[in-house]
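Q: when you get a sec, could you give me coordinates for this:
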Amino acid sequence: MALAGLAAGLALHLGARPDLARLAWAAGVLPVLASLLIEILRSLARGEVGLDIVAALSMSAALFFGETLAAAVVAVMYSGGTFLESFAEGRARREMRDLLSRVPRTATRHRDGRLEDVPLDALQPGDRLLIRQGEVVPVDGYVESATAFLDTSALTGESLPVRLVKGAEAMSGSMNVGEAFDLRATHDARDSTYAGIVRLVEEAQRSRAPMARLADRWSLGFLAVTLLIAGAAWWFTRDPIRAVAVLVVATPCPLILAVPVALVAGLSRAAHFGVLVKGARPLEAMARIRTLILDKTGTLTDGRPRIQSIDSAGMAKDEVLRLAAAADQASRHPVAQAIVAAAKARGLDLPVPQDMVETPGEGVVAIVEGRQVIVGGNGFVAGRVGYTGNHPAQAAGSVMVAVGVDGHMAGHLVMMDPLREGAAEMLAGLRRQGIERILLATGDRAEVARRVTRGLGLDGIRAGLTPDQKVLLVLAEHKHGPVMMVGDGVNDAPALAAADVGVAMGARGAAASAEAADVVLLVDRLDRIGPGIEIALRSRRIALESVVAGIGLSIGGMIAAAFGYLNPVQGALIQEAIDVAVILNALRALRIRPAGASTDLQSSQKAVSA
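A: Next up, the predicted model:
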């Protein structure tokens, strides 16, 4: 409507009808001014005072003093600026909107030899689902077909599809880019990874950062400066048009545009790299972190035991592993699953076990190819095979798995939870980004913690901690500056909530820790913390640059208008140019490319190819 009024007035002015032109310009201004006044009243009712008041004053003053063309230009510029801000924020939220748009509504379930389409709410753990090509995985589960190819780019930023084998975990929200496969559900829809991500995204979109609230307070000072300059110009020159020009130059203000656009762009960019920040407040807090506290198991370490060595007694080492893995196939114990995964990685053929009996926490007994195989702890196996000899020496933090075959001790599998690959380089990169202190907080024994972290150059190791003691550690470290806590388990949730920024390993972490955290890593890689912090730092810097440049240019324009170098129409055009420049600068946050991001993606692509 404002644009139509401006265009009609210009046409009438060129047609030598200046009286009608002024009416047309005024008619285009009045609807904008009315809606603006309503919005101002609503803001005042919420206790908020913003720079929309300057826009209302400039349009009202321009109309009152007969500067209808200037009022029309301001109306167009203001409404256009509001649209431009909405467009910019919409573009900045694109990554998050892509996450929300992928939410499936139904799933295809196997039932009594037939396929049926059912709502997601009807799915239960244990259901067998068919995931067709091009469909999004609706719930968390594990692959039941031989292979599956999933595109996880919307969740993790990985550019190439991931190949999963039978028994591998598939995360909801991934897209099937290969042949159709079967999925066995392990969670219902509302408790699956993707549903939690959607909830976090919706929370993030409603959030406001302290920096944005600070910008609102700064806007009051800018409003006072604007009125002071406008009043002084009118007082000393006795020319109200100069005051109108000053008000026009100050409308609208880049201060209220740059901060939300830059921060939301940062949220969007972080999501692209698999770092889901729950809102603008934690994103801004990430830029100020000085102390990092890491949990050990599942965070600094992989969280899944791996075979370090095989000690055999007269049997080939691969045969010991093959028989143990075959017997363990029916067990869901993490150690048993690690043994099976190690055997498959070596290409060993695993026959189906018969008469398998599992003693929880002890081990399993099964018949494999007609041979009795016993797998479990030293005492469990030795007692059943009558072994009285010595067992291999056990290093701190290692797990010893004994294997008995046909009544004899066949060997031992030595397993350990390894440090995550590239942990040392990741910690060094964080120190370059301004992290001054890095601590380990674990409930494990001190000797295990020292062995795992040897050579990492940590500033402290706190071992044997209960969840309450982890919280006390976080609170104590606040004296050194803002604290980030990273963890993955239920026992980490209180400490994550107590930290300035809590980061949860969301790919395999517990739901409790993901809910308590401010940031969720959608991919099971600790090295994504570095890109997340870099994005936060650069987004905050871009927001500040936009504010300083925009306010400086606006004040310069107001001074020029006060001295008569700009008339109201010229002032409106210059201010719109300033706003466009500020918003475009804020959108630079969408092009942030963290230093390690290309390396990360190349590494993942090599892993997929392998």
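
Q: and for Val165, the neighbour number?
A: For Val165, the neighbour count with other C-beta atoms under 10 Å is 12. (C-beta placed from N, C-alpha, C; glycine too.)

Q: verify the stated contact: it with Glu144.
A: No. Counting by C-beta atoms under 8 Å, Val165 does not reach Glu144; the two are 10.9 Å apart.

Q: would you map the strands across the stretch 51-200 of the chain?
A: Using DSSP state E, counting those that start in this stretch, the strands of the stretch 51-200 of the chain run over residues 106-111, 114-119, 128-131, 141-143, 147-151, 162-165, 169-170, 175-176, 181-185.

Q: got those strands as a markdown table, with mean pLDDT and distance to Gly556 columns?
A: Shown next, in a markdown table, are the strands of the stretch 51-200 of the chain (pLDDT from 0 to 100; distance: least, C-beta to C-beta, whole Å):
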| stretch | mean pLDDT | distance to Gly556 |
| --- | --- | --- |
| strand 106-111 | 90 | 58 |
| strand 114-119 | 90 | 59 |
| strand 128-131 | 93 | 59 |
| strand 141-143 | 91 | 60 |
| strand 147-151 | 86 | 50 |
| strand 162-165 | 83 | 53 |
| strand 169-170 | 86 | 57 |
| strand 175-176 | 86 | 51 |
| strand 181-185 | 93 | 61 |
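
Q: for the residue positioned nearest the centre of the chain, which non-adjacent residue is closest in space?
A: Taking C-alpha atoms, centre = their mean, the centroid of the chain lies closest to Leu276, which sits 1.0 Å from it. Nearest non-adjacent residue to Leu276, counting by C-beta to C-beta, 6 or more residues apart in numbering: Val520, 4.6 Å away.

Q: follow-up on the earlier one: may I have the secondary structure class of the residue nearest to the centre of the chain?
A: Each residue gets one of three states, and Leu276 gets strand by DSSP: H, G, I helix; E, B strand; the rest coil.

Q: I'd like to know how far it sits from Ala504.
A: 10 Å (C-beta to C-beta, to the nearest Å).

Q: what ranges do the strands span in the stretch 251-400 of the chain?
A: In the stretch 251-400 of the chain, the strands defined using DSSP E, counting those that start in this stretch lie at 275-277, 291-294, 306-312, 354-359, 363-368, 371-376, 399-405.

Q: nearest to Thr453, of the ones you listed?
A: For the strands of the stretch 251-400 of the chain, the distance to Thr453 is smallest for strand 291-294, at 9.1 Å, taking C-beta to C-beta.

Q: CA atoms only for the top strand by length along the chain, dumped as CSV, please.
A: Ranked by residue count under DSSP state E, the longest strand found in the chain is strand 408-416. C-alpha atoms of strand 408-416 as CSV (Å, rounded to 0.1, in the frame of the first residue of the first chain):
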residue,chain,number,x,y,z
HIS,A,408,39.4,-75.8,27.6
MET,A,409,40.6,-72.2,28.0
ALA,A,410,41.0,-71.0,24.4
GLY,A,411,42.3,-67.5,25.0
HIS,A,412,41.6,-64.0,26.2
LEU,A,413,40.4,-60.8,24.5
VAL,A,414,41.9,-57.7,25.9
MET,A,415,39.5,-54.7,25.3
MET,A,416,39.8,-51.0,26.1
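
Q: relative to strand 371-376, how tilted is that strand?
A: 40 degrees (axes from the mean of the first three to the mean of the last three C-alpha atoms, to 10 degrees).

Q: who are the packing partners of strand 408-416?
A: Helices and strands touching strand 408-416, by 3 or more C-beta pairs under 8 Å, 6 or more residues apart in numbering; DSSP states H and E, are strand 306-312, helix 317-328, helix 334-345, helix 378-385, strand 399-405.

Q: A helix includes the residue nearest to Leu276, no?
A: No. According to three-state DSSP, Val520 belongs to no helix; its state is strand.

Q: count the neighbours of Pro260 for me.
A: Pro260 has 21 neighbouring residues, counting by other C-beta under 10 Å.

Q: give me the pLDDT for it.
A: Pro260 carries a pLDDT value of 78.

Q: relative to Ile38, how far out is it?
A: Distance from Pro260 to Ile38, counting by C-beta to C-beta: 21 Å.

Q: quick revisit: ok, the residue nearest to the centre of the chain touching Ala270?
A: Yes. Taking C-beta under 8 Å as the definition, Leu276 is a contact partner of Ala270 at 7.3 Å.

Q: Leu553 sits in which helix or strand?
A: Element membership of Leu553, judged by DSSP states H and E, is helix 529-562.

Q: helices or strands next to that helix in the packing?
A: Applying 3+ C-beta pairs under 8 Å, 6+ apart, we find helix 529-562 packed against helix 210-237, helix 240-249, helix 255-272, strand 275-277, helix 280-286, helix 423-432, strand 519-521, helix 568-586.

Q: now for Arg384, how many residues are close by?
A: By other C-beta under 10 Å, 16 other residues sit near Arg384.

Q: ignore the last one, Ala345
A: Ala345 is flanked by 10 other residues according to other C-beta under 10 Å.

Q: how about Pro119?
A: Considering only other C-beta under 10 Å, Pro119 is surrounded by 10 other residues.

Q: residues touching it, list them.
A: Residues in contact with Pro119 (C-beta atoms under 8 Å, 6 or more residues apart in numbering) are Arg105, Thr106.

Q: gap between it and Asp188?
A: Per C-beta to C-beta, Pro119 is found 12 Å from Asp188.

Q: before we move on, back to that, let me know which of the strands of the stretch 51-200 of the chain is the nearest to Thr297.
A: Of all those, strand 169-170 sits nearest to Thr297, with 18.0 Å by C-beta to C-beta.
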